[in-house]
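> let's see this in three dimensions:
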Amino acid sequence: MKQLFVSIAFSLMALMSCAQRKIIDKVVATVGGELILLSEVEEQHALMEAQSGELPENARCEIMNSLLVSKLLLNQAKLDSIEISDGEVEDQLNARIDRILTYMNGDVTQFEAYYGQSIGEVKAQFREDLRNQILGERMRGQIMSGINVTPSEVKQFFAQIPIDSLPYFSSEVEVGEIVYKPKINAEERQNSISKLEEIRQQIIDGSVTFEEMAQKYSADGSGRAGGDLGWAKRGKFVPEFEAAAYKLDKDEISPVVESEFGFHLIQMLERRGNSIHTRHILIRPEITDNDLELARMHLDSVRQLIETDSMGFSTAVKLFSDENSQSYTNDGRIVNPNTGNTFFEIGDLDADIYFAVDTLDINEVSAPFEFNTPTGETQFRLVQLQSRTNPHKANLKEDYSKIQKAAIQAKQSEFINEWVMNRVNATFIALDQLYDGCPSLEPWQQRRLRP
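Below you'll find the model as predicted:
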């Protein structure tokens, strides 16, 4: 889903170029100091049409309403002097580019053919739009921060739902996990260190450049950009990397640095106060079949300790699970990224977890099984089925957290709508007569002629 979202976001960007060539563009709305162009409305309409097919007649009205709200939030963010660092924008740009490249199997040529631009040109074109998007989201977050609901408000919200409209929930499960990262054997560890030391010497001798070696050898997405990691402040990188990077002078190359991701060479490109611009070459030691088998056997012994009641699952998580896994700080419970809670419908589980828990009883632990992390590393996990509900109609006893979340969302929506209308009263608004027939835009249109 993340890849799909990013792909759509950049498909929109591709549609922008096309739309701007075909439409005689003009400003169709002004919100404070922010402008909305006709092309923006048409681009979004074209994208929605490509996704959904035929759209309702008022689709452009709803798109304009959404754009007006976004521009109002952006305008207020600038008035309130909300700051977004260059590093934050760059991080999000890089993350989106990397996800698209992952979707394209890392093929830069395919990327450039699809967008008709180099990666650098795509980033330059989208950078300011992304900054404005982050500003608007930050403003929305500030407006809605602290909004919560009391138990009585949750009950009141639930009571207002007609009985025949109550949702029907499928069976749900809660799953705990112990994640184990295979240990690197001494020979492969030394091979990685020796390879990086050889690369470092070649760079220092001048026979190759750092950028060339990063493109050839670096095991992460930055290799495609010559190892460039962009600007960052303290706290962005893991401690080992950061400690080595901040000791470097301009253009200096570090000795080999070990972190949880592997082994690095780091070069300092530039420094501004507490911010650094670095590039690196990352080599991950090869995990052998023997290393994998040792990891599997280790986890199987942990499973036996749990099954014989020699150790509780929670204790095993603290002693054996990877501290960098999301579940480690949650007592091993896996959080559903779609809901923010620990309940999963069976269909929402990753396939390997689904098959592991499908035949388990409550509190039973699976055999260890292999999986790949988003970065491509092979790890192992044990999973425990911690609870299972039967299919049922929504009720407060079993579904309180879901109903609470829905109540909060309803309250947030009401609050943001009130905020928008209050800010409209205090903001210069100019809306083109092209949208006079839009009922949803009447609150904005009433102020169109106000100076």
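> same for the biggest helix by length in the chain, what does it pack against?
The longest helix of the chain (DSSP state H) is helix 396-425. On a contact count with 3 or more C-beta pairs under 8 Å, 6 or more residues apart in numbering; DSSP states H and E, helix 396-425 meets helix 59-79, helix 119-144, helix 151-159, strand 168-169, helix 442-445. No exception for glycine: its C-beta is placed from N, CA and C like everyone else's.
> please redo it, this time with the cut-off set to 10 Å
Under the contact definition 3 or more C-beta pairs under 10 Å, 6 or more residues apart in numbering; DSSP states H and E, helix 396-425 sits against helix 59-79, helix 119-144, helix 151-159, strand 168-169, strand 172-180, strand 392-393, helix 442-445.
> which parts of that helix are buried?
398-399, 402-408, 411-412, 416, 419-420, 423-424 (16 or more other C-beta atoms under 10 Å).
> from those, which two are the most distant?
Pairwise distances across the buried residues of helix 396-425 peak at 41.5 Å for 398 and 424 (criterion: C-beta to C-beta).
> tell me which element residue 268 falls in.
strand 262-272 (DSSP states H and E).
> same question for that strand: list its buried residues.
262-269, 271.
> ends of stretch 98-118, what's the gap?
Start to finish, the residues bounding stretch 98-118 are 14 Å apart (C-alpha to C-alpha, to the nearest Å).
> quick one: pLDDT of residue 405?
Note on residue 405: pLDDT of 89.
> touching, it and residue 338? I think so.
No - counting by C-beta atoms under 10 Å, residue 405 stays clear of residue 338, with 11.4 Å between them.
> for the helix or strand harbouring residue 98, what is the distance to the chain centroid?
If you go by DSSP H and E, residue 98 is part of helix 86-103. Distance, stretch centre to chain centre, for helix 86-103: 10 Å (C-alpha atoms, centre = their mean, to the nearest Å).
> what's the first helix or strand after that helix?
Next element after helix 86-103 (DSSP H and E): helix 108-115.
> name the helices or strands packed onto that following helix?
Using 3+ C-beta pairs under 10 Å, 6+ apart, helix 108-115 sits against helix 2-22, helix 86-103, helix 119-144.
> circling back to that earlier point, from the buried residues of strand 262-272, which single one is nearest residue 82?
Of these, the one sitting nearest to residue 82 (C-beta to C-beta) turns out to be residue 271, at 25.9 Å.
> on that earlier part again, for the helix holding residue 98, packing partners?
helix 2-22, helix 108-115, helix 119-144, strand 228-233, strand 275-283.
> isn't residue 389 right next to residue 402, touching?
No - contact criterion C-beta under 10 Å: residue 389 and residue 402 do not qualify, at 11.4 Å.
> what touches both of these two?
169, 172, 343 (C-beta atoms under 10 Å, 6 or more residues apart in numbering).
> where does the stretch 101-250 of the chain dip in pLDDT?
Along the stretch 101-250 of the chain, no part satisfies pLDDT under 70.
> ok, how many other residues are close to residue 380?
21 (other C-beta atoms under 10 Å).
> now do the contacts for the spatially closest residue to residue 345 that is not a sequence neighbour.
Nearest residue to residue 345 in three dimensions, chain neighbours excluded: residue 170, at 4.9 Å (C-beta to C-beta, 6 or more residues apart in numbering). Shown in contact with residue 170 (C-beta under 10 Å, 6+ apart): 345-348, 389-392.
> need those in JSON lines with neighbour count and pLDDT, can you?
Shown next, in JSON lines, are those (neighbours: other C-beta atoms under 10 Å; pLDDT from 0 to 100):
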{"residue": "345", "neighbour count": "16", "pLDDT": "89"}
{"residue": "346", "neighbour count": "13", "pLDDT": "83"}
{"residue": "347", "neighbour count": "8", "pLDDT": "81"}
{"residue": "348", "neighbour count": "16", "pLDDT": "87"}
{"residue": "389", "neighbour count": "15", "pLDDT": "89"}
{"residue": "390", "neighbour count": "9", "pLDDT": "89"}
{"residue": "391", "neighbour count": "10", "pLDDT": "91"}
{"residue": "392", "neighbour count": "15", "pLDDT": "91"}
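> and these, which is closest to residue 69?
Out of the contacts of residue 170, the member with the shortest distance to residue 69 (by C-beta to C-beta) is residue 348, at 30.2 Å.
> next up, the contacts around residue 172.
Contact analysis of residue 172 by C-beta under 10 Å, 6+ apart lists 336, 339, 341-346, 348, 387-392, 398-399, 402.
> go on, residue 356?
175, 177, 349-350, 365-369, 371, 381-385.
> beyond the strand or helix carrying it, next helix or strand please.
Element membership for residue 356 (DSSP H and E) is helix 351-357. With elements assigned by DSSP H and E, the helix or strand that comes after helix 351-357 is strand 369-372.
> map the structural domains onto the sequence of the chain.
2-145+412-445, 169-183+288-392, 186-283 (automatic domain parsing).
> JSON lines for those, including distance to residue 159?
Formatted as JSON lines, the domains of the chain follow (distance: least, C-beta to C-beta, whole Å):
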{"stretch": "domain 2-145+412-445", "distance to residue 159": "17"}
{"stretch": "domain 169-183+288-392", "distance to residue 159": "18"}
{"stretch": "domain 186-283", "distance to residue 159": "46"}
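> of all the ones you listed, which lies closest to residue 158?
For those, proximity to residue 158 was assessed by C-beta to C-beta; domain 169-183+288-392 is nearest, at 13.6 Å.
> starting at the chain centroid, how far to that closest one?
Domain 169-183+288-392 has its C-alpha centroid displaced from the chain centroid by 22 Å (C-alpha atoms, centre = their mean).
> what does stretch 43-57 give?
That offset, for stretch 43-57, works out to 25 Å (C-alpha atoms, centre = their mean).
> okay, now residue 312: neighbour count?
11.
> how near is the residue lying closest to residue 117 once chain neighbours are set aside to residue 94?
Excluding the flanking residues, the one nearest residue 117 by C-beta to C-beta, 6+ apart is residue 125, at 7.1 Å. Distance of residue 125 to residue 94, given as C-beta to C-beta, to the nearest Å: 15 Å.
> quick one, which of these two is more surrounded?
residue 94 (18 against 14).
> hang on, the more buried one packs against residue 229?
Yes - taking contacts as C-beta under 10 Å, residue 94 lies within contact range of residue 229: 8.3 Å.
> could you name every residue contacting both of those two?
Joint contacts of residue 94 and residue 229 (C-beta under 10 Å, 6+ apart) are residue 222.
> now do the contacts for residue 187.
285-286, 288.
> before we move on, what about residue 303?
178, 316, 365-368, 382, 384.
> any chance of these in JSON lines, with distance to residue 248 too?
Shown next, in JSON lines, are the contacts of residue 303 (distance: C-beta to C-beta, whole Å):
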{"residue": "178", "distance to residue 248": "38"}
{"residue": "316", "distance to residue 248": "41"}
{"residue": "365", "distance to residue 248": "46"}
{"residue": "366", "distance to residue 248": "46"}
{"residue": "367", "distance to residue 248": "46"}
{"residue": "368", "distance to residue 248": "41"}
{"residue": "382", "distance to residue 248": "41"}
{"residue": "384", "distance to residue 248": "45"}
